[in-house]
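Engineer: A structural model of the following input is requested.
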Amino acid sequence: MIHFSNSVTHRLLEQLFHLQENSEQTSSESEFPVMKIIMTEQALVAYLFVSGLNLEKLDIQLVSDTIQIKGERIGFKENPTKVHLQERFTGHFHKIIELPEDLDTEQIEAVYQLGILKLTIKKLIPVPIKKIQIKVK
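Structural biologist: As a prediction, this is how the structure comes out:
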């Protein structure tokens, strides 16, 4: 087991590298869609590689301090007598991205282009520290 000092970083890297020990998902389910999550100075950006996915079957929700992504990838319609090789996952999937506290969850953008879904969540603008003067009466 790899341990990281920052708990938010740890959770994000667990999700990214599938280090969770007690996953109930099969290998194919837990790997689709493949994700890349980065933190910039302005936002958290998650790239989900969802080629071949019907966007009508995709559901993205903000639930408490997580983004939950559910969907279904439908397989090909042929009825083979035997599957020789299948490397493409089909079926239902469910991904959860735990969010750090410093994000503005009112500013979430989801853009799909060329098989890639890009989720951008802007960081909160920090409130500057203001010294309070004490009045003497």
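
Engineer: In this protein, what helix or strand scores lowest on average pLDDT?
Structural biologist: Least confident helix or strand, the chain: helix 27-31 with a mean of 52, by mean pLDDT, DSSP states H and E.

Engineer: Follow the chain on from it and name the next helix or strand.
Structural biologist: Proceeding C-terminally, helix 27-31 gives way to strand 34-39 as the next helix or strand, assigned by DSSP states H and E.

Engineer: Direction included, what does that next one pair against?
Structural biologist: Strands adjacent to strand 34-39 in the sheet, as given by DSSP bridges, are strand 43-49 (antiparallel).

Engineer: so after the partner strand, what's the next helix or strand?
Structural biologist: That would be, after strand 43-49 and using DSSP H and E, strand 59-63.

Engineer: Now do that next one against strand 43-49, angle only.
Structural biologist: For strand 59-63 against strand 43-49, the angle by axes from the mean of the first three to the mean of the last three Cα atoms, to 10 degrees is 150 degrees.

Engineer: strands paired with strand 59-63, and their directions?
Structural biologist: Going by DSSP bridges, the partners of strand 59-63 are strand 66-73 (antiparallel).

Engineer: How far away from the center of its chain is the partner strand?
Structural biologist: Between the mean C-alpha location of strand 66-73 and the chain-wide mean there is a distance of 8 Å, by Cα atoms, centre = their mean, to the nearest Å.
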